[in-house]
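> Any chance you could fold what I've pasted below:
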Amino acid sequence: MSIDRIVLAFAGAVVLLSLALGYFVNQYWLLLAAFVGFNLLQSAFTGFCPLAIILKKLGCSPGAAFS
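Below you'll find the predicted structure:
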């Protein structure tokens, strides 16, 4: 699995978890979904993604977006 797919899967999982926690626990968990969305948006323009850097150091294969 490439870094790109891992980043997208992780972001999707965190957003879904945040929405569930926001619905069942406390509405402030929705801020986590907003943070993930903002991070995805800024990484589309800058190419900077902290998770991609961590995965690259762990030896995951790079994809087209985060090389």
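> Tell me the pLDDT of residue 47.
Listed pLDDT for residue 47 reads 89.
> Okay, now the unreliable bits of this protein?
67 (pLDDT under 70).
> Let me see the contact set for the most centrally placed residue in the chain.
Closest residue to the average C-alpha location of the chain: residue 11 at 3.1 Å, with Cα atoms, centre = their mean. Residues near residue 11 by Cβ atoms under 8 Å, 6 or more residues apart in numbering: 36, 39-40. Bear in mind the C-beta positions are built from the backbone N, C-alpha and C, glycine included.
> mind running it again at 7 Å?
Residue 11 sits next to 36, 40 when contact means Cβ atoms under 7 Å, 6 or more residues apart in numbering.
> Check the one 10 residues further on too.
Under the criterion of Cβ under 7 Å, 6+ apart, the neighbours of residue 21 are residue 29.
> Same question for residue 40.
residue 11.
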